[in-house]
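S.K.: pasting the sequence and the predicted coordinates here, then a few questions.
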Amino acid sequence: MLTFVGVLLALFLGALDQTIVATALPRIVRDLSGLDRYAWVATAYLLTSTVLIPIYGKLADMYNRKALVIWSIGLFLAGSFLCGLAGEFGPLPVLGDAMNQLIVFRGLQGFGNSGIFSLAFIVISDLFPPAERGRYQGFLGGTFGIANVLGPLVGGLLTDYGGAFIPGVAGWRWVFYVNAPFAVLALWFITTRMPPLHPKNPGEHRLSWLSAALLVLAVVPLILALEIDKTVDPWGGPVTLSLLAAALAASAAFIVHSRFDKNPVLDLSLFANRVFSLSVGASFFFGAAFLGTIIFLPLFMVNVLGVSATNTGLSIMPLSLGLFAGSFTAGQLVARVGHYRIILLAGGFVLLAGIVLLSLLSVHTTYLAAVLIMLTCGIGMGPSMALYTLAIQNAVDVRRIGQATSAGVFFRQIGSTAGLALLGTVLAAAMAASFARNLPAEPAGARLTTAAASPGRLMSEDGSRAAASAIRRSYDEIYALVARVVNSGDKEALARLLANPSVGESLRAELGNRRSEIGDQAADEFLASVKADLHRAANAAVNRLAAAIRLSFAQSIARLYFWVIFFELAAIALTFFIPELPLRKTLGRSEPDRNPGAGNHA
């Protein structure tokens with residue numbers, strides 16, 4: 001059991017790091033003067049943490065799994081410390097400035113994290129037989145989900161307040177240093193409590209370096225194509241198409257080579273097993289639905305419901321709690337009843353109901369309603385976080401359980417990346433259409449769209465504040481023109497005012513009849529009245545803008561979740577056809593793949 005605690009800590013560490021850094025990244029690039037390389041910090045980590053997952057799975061079928069876990073955690077810990085130290089010693093040979101150092105060290109973290117992710121589920125398969133494994137994998141799934149939701153909250157707190165820990169150490173550096181206690185504790189549990197966990201018949205496996213190289217050549221351009229800014233390099237642009245073509249060519253080479261290689265990184269004969277092939281397919285689409293649901297919820301909470309940026313992490317805690325409850329309950333149920341497909345389907349339909357409700361979000365949605373919807377989504381996500389892995393491990397030869405398990409994690413990760421890329425494009429298009437439709441049509445609003453407030457700009461707090469300032473300045477300029485007319489009879493100013501549709505009819509009439517010979521007191525009273533009227537008009541225009549922004553966000557996010565529905569429908573459809581196999585009650589030795597072809601759908 002203490003070994004299991006160590007595995008949970010390691011998984012929590014890796015999953016937390018996926019999201020904790022995102023909150024701190026704006027402050028990091030500002031301090032390190034690296035805005036031009038902002039995206040590469042996340043991309044380097046995503047590349048290394050994804051591409052090595054199948055390779056770690058293959059290694060787990062060959063070598064001592066305890067040693068691999070220790071190596072992965074140690075590598076991750078070293079990368080974390082180096083990220084925290086980025087730039088502290090100035091430019092370094094080869095690595096260059098602080099931002100380049102951070103990108104390289106973030107990639108090193110990813111190398112460790114990919115091992116943690118794949119090995120956590122593999123180690124559990126060594127400790128508990130499938131009939132009991134569900135209750136423990138439920139904890140793994142819940143831990144993963146909670147870490148994904150807590151990451152932004154912890155990242156924000158450390159970035160804002162971490163600088164008080166040690167004077168002179170920026171708060172964002174603690175986003176990396178905070179990994180140390182979890183990593184050290186996990187290492188202690190694993191080194192002192194975990195048995196060696198040697199794989200079954202390790203002599204049968206060898207690592208094909210050519211197979212590994214072809215896999216890397218396939219995955220790297222694919223992730224780059226999905227991650228690059230589509231406003232700069234659109235889907236149909238030469239850069240994106242070239243990367244996708246390179247990924248397709250390398251994938252084809254990998255598949256052809258794997259058919260003839262005795263020791264490929266991923267044995268393609270696994271796909272002949274219907275439990276495996278359908279489960280990894282369902283995991284792919286579930287990954288897209290899972291991360292798509294989580295990532296975009298804060299946009300609604302902040303921009304529509306008005307939750308402060310600092311409290312965003314707390315606001316989506318109901319999803320985290322629901323996810324843990326759903327994952328834990330599913331694990332206990334499958335251990336009791338011995339059936340996983342019906343539980344996966346039940347969770348899938350609950351998640352589908354939650355996503356349908358998300359697609360109906362509007363400016364009239366209350367905070368309580370949003371909380372209940374998030375709770376529903378979390379409960380629905382829970383079973384899928386662990387039971388697809390359980391189904392795969394129960395169906396394959398234990399000699400290839402490392403490859404099979406890591407493949408499930410790998411395809412879920414790829415699905416998450418692809419889903420986010422597609423949903424990002426959907427959101428950008430929906431935002432552009434919504435803002436064009438909803439922004440005020442008056443001159444102040446039209447001027448706003450061309451100057452201070454493109455849809456992308458209005459998505460930020462600074463951008464919306466700048467837009468409101470632009471509106472107020474436009475009304476201040478009207479007042480300045482009125483003062484010139486009243487005080488000096490300026491005909492040019494009068495002509496500009498009469499041509500401005502923002503000037504009301506009553507003010508036009510007064511300006512047209514007014515003479516500059518009026519007394520100073522009357523002029524002052526008139527200007528004071530005009531100033532008060534324009535101030536009220538400016539406030540009304542700002543309120544219209546705020547309402548338009550809220551409406552545009554609500555419509556765009558609801559539209560996005562409409563498309564998430566289809567990801568989850570695909571996951572449910574594939575899950576429906578997963579054969580139901582009795583859960584093994586022993587760890588087994590070298591059983592052949594179970595249900596390699598046709599299967600029981602009962």
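M.R.: Yep, it's here. Numbering: from 1, shown residues only.

S.K.: list the buried residues of stretch 168-186.
M.R.: 170-179, 182-183, 186 (16 or more other C-beta atoms under 10 Å). C-beta coordinates here come from the backbone N, C-alpha and C atoms, glycine included.

S.K.: would JSON lines of these with distance to S211 and secondary structure be doable?
M.R.: Below are the buried residues of stretch 168-186 laid out as JSON lines (distance: C-beta to C-beta, whole Å; DSSP: H, G, I helix; E, B strand; the rest coil):
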{"residue": "A170", "distance to S211": "43", "secondary structure": "coil"}
{"residue": "G171", "distance to S211": "44", "secondary structure": "helix"}
{"residue": "W172", "distance to S211": "39", "secondary structure": "helix"}
{"residue": "R173", "distance to S211": "39", "secondary structure": "helix"}
{"residue": "W174", "distance to S211": "40", "secondary structure": "helix"}
{"residue": "V175", "distance to S211": "36", "secondary structure": "helix"}
{"residue": "F176", "distance to S211": "33", "secondary structure": "helix"}
{"residue": "Y177", "distance to S211": "37", "secondary structure": "helix"}
{"residue": "V178", "distance to S211": "37", "secondary structure": "coil"}
{"residue": "N179", "distance to S211": "32", "secondary structure": "helix"}
{"residue": "F182", "distance to S211": "34", "secondary structure": "helix"}
{"residue": "A183", "distance to S211": "31", "secondary structure": "helix"}
{"residue": "A186", "distance to S211": "31", "secondary structure": "helix"}
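
S.K.: got TSV for those residues, with pLDDT and distance to T231 too?
M.R.: Below are the buried residues of stretch 168-186 laid out as TSV (pLDDT from 0 to 100; distance: C-beta to C-beta, whole Å):
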residue	pLDDT	distance to T231
A170	80	30
G171	81	30
W172	84	26
R173	89	31
W174	89	33
V175	88	27
F176	90	30
Y177	90	34
V178	87	33
N179	87	33
F182	85	37
A183	88	37
A186	89	40
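
S.K.: would you map the helices across the stretch 401-550 of the chain?
M.R.: 401-438, 443-450, 455-458, 461-488, 491-498, 505-513, 520-576 (DSSP state H, counting those that start in this stretch).

S.K.: once you drop chain neighbours, what's closest to Q403?
M.R.: G57 (4.8 Å; C-beta to C-beta, 6 or more residues apart in numbering).

S.K.: now do that neighbour, the pLDDT please.
M.R.: Listed pLDDT for G57 reads 90.

S.K.: isn't it right up against S406?
M.R.: Yes: taking C-beta atoms under 8 Å as the definition, G57 is a contact partner of S406 at 2.4 Å.

S.K.: any common contacting residues for these two?
M.R.: S118, I122 (C-beta atoms under 8 Å, 6 or more residues apart in numbering).

S.K.: so which bits of stretch 316-325 are buried?
M.R.: Judged by neighbour count using 16+ other C-beta under 10 Å, the buried positions of stretch 316-325 are I316, M317, P318, L319, S320, L321, G322, L323, F324, A325.

S.K.: what's the helix or strand for the last one?
M.R.: Translated: A325. helix 317-337 (DSSP states H and E).

S.K.: elements contacting whichever helix or strand comes after that helix?
M.R.: Once helix 317-337 ends, the next helix or strand along the chain (criterion: DSSP H and E) is helix 341-358. Applying 3 or more C-beta pairs under 8 Å, 6 or more residues apart in numbering; DSSP states H and E, one finds that helix 341-358 contacts helix 274-303, helix 317-337, helix 367-395, helix 520-576.

S.K.: packing partners of the last one?
M.R.: Judged by 3+ C-beta pairs under 8 Å, 6+ apart, helix 520-576 is in contact with helix 274-303, helix 341-358, helix 401-438, helix 443-450, helix 455-458, helix 461-488, helix 505-513.

S.K.: check contacts around S211.
M.R.: Counting by C-beta under 8 Å, 6+ apart, S211 makes contact with F254, H257, S258, D261, N263, P264, V265, L266.

S.K.: picking that back up, mean pLDDT and distance to S72 added to the helices and strands packed on helix 341-358, as CSV?
M.R.: As requested, the helices and strands packed on helix 341-358 are exported to CSV (pLDDT from 0 to 100; distance: least, C-beta to C-beta, whole Å):
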stretch, mean pLDDT, distance to S72
helix 274-303, 91, 21
helix 317-337, 89, 23
helix 367-395, 92, 18
helix 520-576, 87, 28
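
S.K.: between these, which gets nearest to L494?
M.R.: For the helices and strands packed on helix 341-358, the distance to L494 is smallest for helix 520-576, at 13.6 Å, taking C-beta to C-beta.

S.K.: I578 in helix, strand or coil?
M.R.: coil (DSSP: H, G, I helix; E, B strand; the rest coil).

S.K.: give me phi/psi at it?
M.R.: Backbone torsions of I578, given as degrees, to the nearest 10, read phi -70, psi 120.

S.K.: how many neighbours does it have?
M.R.: 27 (other C-beta atoms under 10 Å).

S.K.: residues making contact with stretch 73-88?
M.R.: Against stretch 73-88 from outside (C-beta under 8 Å, 6+ apart): 10, 13-14, 17, 31-32, 97-99, 101-102, 105-113, 115-116, 173-177, 179-180, 183-184, 186-187, 190.

S.K.: pull the distance from stretch 270-289 to the chain's centre.
M.R.: For stretch 270-289, the separation from the chain centroid amounts to 21 Å (computed by C-alpha atoms, centre = their mean, to the nearest Å).

S.K.: how about stretch 56-72?
M.R.: For stretch 56-72, the distance to the chain centre is 28 Å (C-alpha atoms, centre = their mean).

S.K.: quick one: end-to-end distance for it.
M.R.: Using C-alpha to C-alpha, to the nearest Å, the end-to-end distance of stretch 56-72 comes to 9 Å.

S.K.: return the set of buried residues in that stretch.
M.R.: Quick answer for stretch 56-72 (16+ other C-beta under 10 Å): 56-66, 68-72.
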